[in-house]
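Visitor: Please find the sequence and the predicted model below.
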Amino acid sequence: MIGYIDKSTPLSAYQPSQEILDITAKIQQDYSTGVDILDRSWTELNNRSVIEDENRGQLMFNAFVDTAEEDPNEAWKWRGTRSMARNKAIAMHAQITANYLLPLFTAQNEGDEVDTVFSEVMRDIIEWMALPTNSNYQASFLQAVFGMLTNPVTYLEADYYEVYQTIKKEEGGKIKKEEVLDEVLSGFKANILGSSQVLLTNVYERNIQKQRAIIKRRWIEYDEAEAKYGDHENWEFVRAGYKSIYNSEDGLFYDVKDDERLTLVSEEIYYNRREDIEIPFIGGIYLGDSDVEANPINHRDNKGNPKYNVVPFGYSRIGNHFFYFKSLMNAMSWDNMLIDAMYDISMNNEILQQEMPYAVTGSDKVDSEIIFPRAVVSFEDPNTKLQPLIPPKSTQGAFNAMQTIEQSMQEASVNDTMSGQLPQASQKAFNVAQAQANAKTLLGGVGKSLAESVIQFGDLMKDIAINHYTAPQIEELTGNKLKMKYRSFFLENTSGIDKKDKMIRFDADLIGQVLTPEQVTQRNIQLLEKELNGKKKLSDLKKSIRVINPEMFSNFKYLTKVDVEEMFTKNSEYWQGVLPNLKQILVNDPYVDQQGLTKRLLYAFFQSDSEDLIQEPQQGQPGGQPGTPGQPQGEPQAKEEANKLKAPAIAGNEII
């Protein structure tokens, strides 16, 4: 959008209409504002720019050490880093990403009544979208958390693509070309954007949806850009390694060559939510609609309202209104530099103590030729003396100072015990527990910042789920007849405990229907009996099925939330201490599935081998009497089970 132009810069073949020139000039001003925000020094970032703070944080995390030294008198000195900030960041990352955070949902109708079934279905669909086979969400989540630790901001973009590719097929001995959906580039994508890849117009507005305008920019392969924009009439002006720059002084475009990116093109997309504008510029070329007013934002909620589809992630906020964050590297920078300086001094002193320089008085020659292990030397000159140039020094004070610095860094992150190291024998159990409690409190604060971003991102994922994944697809049948087809969602049980697989179906036949509770019950019974298909017990079923009315599902309002406790993994050791007591307390509770609780208890100790220890409950045992809640005893109870599960929005029940 902006660049350096002089008299030698060639005129571009791309010279658009006046309407495009006007909107390009307007967007160019916002672009300049965004670049100025990135390049300006900010007090909140210790008088560094956003770019400088990001570079500094990444160098610190990568344990960068400048070992270039031209002065031979200084080359002997030890140069290095303890990488304390990096180690703490890795430990922090492991704690925060113990689980892949996904939001929960509360579905509400127009009367603000909560529907638990739709709430669970939306959560299941979002979980399906986040699977590695369906998107890159999990990998991007890990990268976003790393960005929180090193960068003043990292963005996660929620987007949905339908990109087609040309493939070659052999038919009748001839090669024919066919356009098919590119499965790699299409579908839901969670893309990572760095702090310099999103330009803002107001650095003092934290809510990104309130920014007047934002601009996303990145460099992409020419072929990828062609797959997305190649059908546009202006594509012929796009060239790899070149950027067309608008000169407001004469109203003309000029081509600027980029020698560092000869095979790439710039993709810059302008968004203005209030005016509902989204315009892509590839290599500086306008690739929006021929009518500049007809460029609506693609990402919309289920009510049709536009949204920016990027969410900022950061470690901790700065001040009251500043948009950017303080990274963990920023927070620990002074302690990290101090401990490195102390190690430099201490290690160099140890080198001098072990390889002590001496002053020689007298006429005899004393050098490396006579200084070696077990050497015996006699001097002719009785006045010859060797005297160390540096008096012996104690390093205990320096190492005590380093321990104090390390303690300060632990207070700013996670302690060594939570990082996986055993506590020192001299430490009391209370002190260790107190340090762990303090670290968990700190993690909880960081988790709240992360949860805020995950909530916003989950809201974008929900929009994509409703507008794309649960929307009907037109299927052409014989006789030129068209039929609406809906996607089904399958979630495989991966917990290792006896849970069911999940199946979610959207049924077009339910659209417009208003079913009575009796009709819902009857459909539930029919579905249940069909799934039993000769099985004797409901416990033999290995999946749960929900059949959803797509129209009702898309009309609900979904509120997002995140449970911060999901950050703290409850591993087998945790459950081994909790489940035995829980089992004893609930052993006579008629509303608890005793067999299921026993399975969870055994799984905590034996994992997958626990299945060998499970047997069916006998008559007289808890959970073994016919009709005991939580233990259905065969097909005759199918109708009773179905009657329990009533929801006006579904035509099939979760089969438990």
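Guide: It's in.
Visitor: and the spatially most central residue of the chain, what element?
Guide: What sits nearest the mean C-alpha location of the chain, by C-alpha atoms, centre = their mean, is Phe141, with 1.6 Å. Assigned by DSSP states H and E, Phe141 belongs to helix 137-150.
Visitor: what's the answer for Gly3, then?
Guide: Counting by DSSP H and E, there is no helix or strand that carries Gly3.
Visitor: pLDDT score for it?
Guide: pLDDT for Gly3: 77.
Visitor: Ok, Leu181 next?
Guide: 78.
Visitor: Break the protein into its domains for me.
Guide: As assigned by automatic domain parsing, the chain contains the domains 18-161+191-328+448-458, 470-652.
Visitor: can I get these in TSV with mean pLDDT and distance to Asp182?
Guide: For glycine as for every other residue, the C-beta is placed from the backbone atoms N, C-alpha and C. As requested, the domains of the chain are exported to TSV (pLDDT from 0 to 100; distance: least, C-beta to C-beta, whole Å):
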stretch	mean pLDDT	distance to Asp182
domain 18-161+191-328+448-458	92	7
domain 470-652	68	17
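Visitor: Can you name the residues that contact Lys176?
Guide: Lys168, Lys169, Glu170 (C-beta atoms under 8 Å, 6 or more residues apart in numbering).
Visitor: Please report how far it lies from Ile167.
Guide: 10 Å (C-beta to C-beta, to the nearest Å).
Visitor: go on, Ser140?
Guide: Distance of Ser140 to Ile167, computed by C-beta to C-beta: 28 Å.
Visitor: Need the winner for burial among the domains of the chain.
Guide: Stretch with highest mean neighbour count among those: domain 18-161+191-328+448-458 (a mean of 18; mean count of other C-beta atoms under 10 Å).
Visitor: quick revisit: I'd assumed Thr97 was in contact with the residue nearest to the centre of the chain.
Guide: Yes. Counting by C-beta atoms under 8 Å, Phe141 does reach Thr97; the two are 7.2 Å apart.
Visitor: and Ser12, how many neighbours?
Guide: Neighbours of Ser12 under the rule other C-beta atoms under 10 Å: 22.
Visitor: Give me the distance between it and Val292.
Guide: 19 Å.
Visitor: Tell me which residues of whichever strand or helix holds Leu386 come out buried.
Guide: Using DSSP H and E, Leu386 falls within strand 385-388. By neighbour count with 16 or more other C-beta atoms under 10 Å, strand 385-388 contains no buried residues.
Visitor: Without its sequence neighbours, what residue ends up closest to Met60?
Guide: Nearest non-adjacent residue to Met60, counting by C-beta to C-beta, 6 or more residues apart in numbering: Met329, 4.7 Å away.
Visitor: Am I right that that neighbour falls within a strand?
Guide: No. Counting by DSSP: H, G, I helix; E, B strand; the rest coil, Met329 is not found in a strand; it is helix.
Visitor: so where do the strands sit in the stretch 1-150 of the chain?
Guide: In the stretch 1-150 of the chain, the strands defined using DSSP state E, counting those that start in this stretch lie at 104-108, 114-115.
Visitor: And the last one, what does it pack against?
Guide: Helices and strands touching strand 114-115, by 3 or more C-beta pairs under 8 Å, 6 or more residues apart in numbering; DSSP states H and E, are strand 104-108.
Visitor: Name the strands paired with the strand it packs on and say parallel or antiparallel.
Guide: Paired with strand 104-108 in the same sheet, following DSSP bridges, are strand 114-115 (antiparallel), strand 557-561 (antiparallel).
Visitor: ok now it, how far from the chain's centre?
Guide: How far strand 104-108 lies from its chain's middle: 22 Å, per C-alpha atoms, centre = their mean, to the nearest Å.
Visitor: got it, and stretch 102-110?
Guide: Averaging C-alpha positions (C-alpha atoms, centre = their mean) puts stretch 102-110 21 Å from its chain's average.
Visitor: end-to-end on it?
Guide: Stretch 102-110 has an end-to-end distance of 25 Å (C-alpha to C-alpha, to the nearest Å).
Visitor: Same check on stretch 582-601?
Guide: End-to-end distance of stretch 582-601: 9 Å, with C-alpha to C-alpha as the criterion.
Visitor: how far does that stretch sit from the chain's center?
Guide: Offset of stretch 582-601 from its chain centre (C-alpha atoms, centre = their mean): 37 Å.
Visitor: With stretch 203-216 instead?
Guide: Stretch 203-216 has its C-alpha centroid displaced from the chain centroid by 20 Å (C-alpha atoms, centre = their mean).
Visitor: The stretch 101-250 of the chain: helices as residue ranges?
Guide: Under the criterion DSSP state H, counting those that start in this stretch, the stretch 101-250 of the chain contains helices at 116-129, 137-150, 222-229.
Visitor: so which of these comes closest to Asn73?
Guide: Of all the helices of the stretch 101-250 of the chain, it is helix 137-150 that lies closest to Asn73, at 35.3 Å by C-beta to C-beta.
Visitor: could I have that closest one exported to PDB, CA atoms only?
Guide: Taking Å, rounded to 0.1, in the frame of the first residue of the first chain, the C-alpha atoms of helix 137-150 are listed here in PDB:
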ATOM      1  CA  TYR A 137      -6.600 -25.200  15.400                       C
ATOM      2  CA  GLN A 138      -4.600 -27.300  17.900                       C
ATOM      3  CA  ALA A 139      -1.200 -26.500  16.200                       C
ATOM      4  CA  SER A 140      -2.200 -22.800  16.000                       C
ATOM      5  CA  PHE A 141      -3.300 -22.800  19.700                       C
ATOM      6  CA  LEU A 142       0.200 -23.900  20.700                       C
ATOM      7  CA  GLN A 143       1.800 -21.200  18.500                       C
ATOM      8  CA  ALA A 144      -0.600 -18.500  19.900                       C
ATOM      9  CA  VAL A 145       0.500 -19.400  23.500                       C
ATOM     10  CA  PHE A 146       4.100 -19.200  22.500                       C
ATOM     11  CA  GLY A 147       3.400 -15.800  21.000                       C
ATOM     12  CA  MET A 148       1.900 -14.700  24.300                       C
ATOM     13  CA  LEU A 149       5.200 -15.400  26.000                       C
ATOM     14  CA  THR A 150       7.400 -13.600  23.500                       C
END
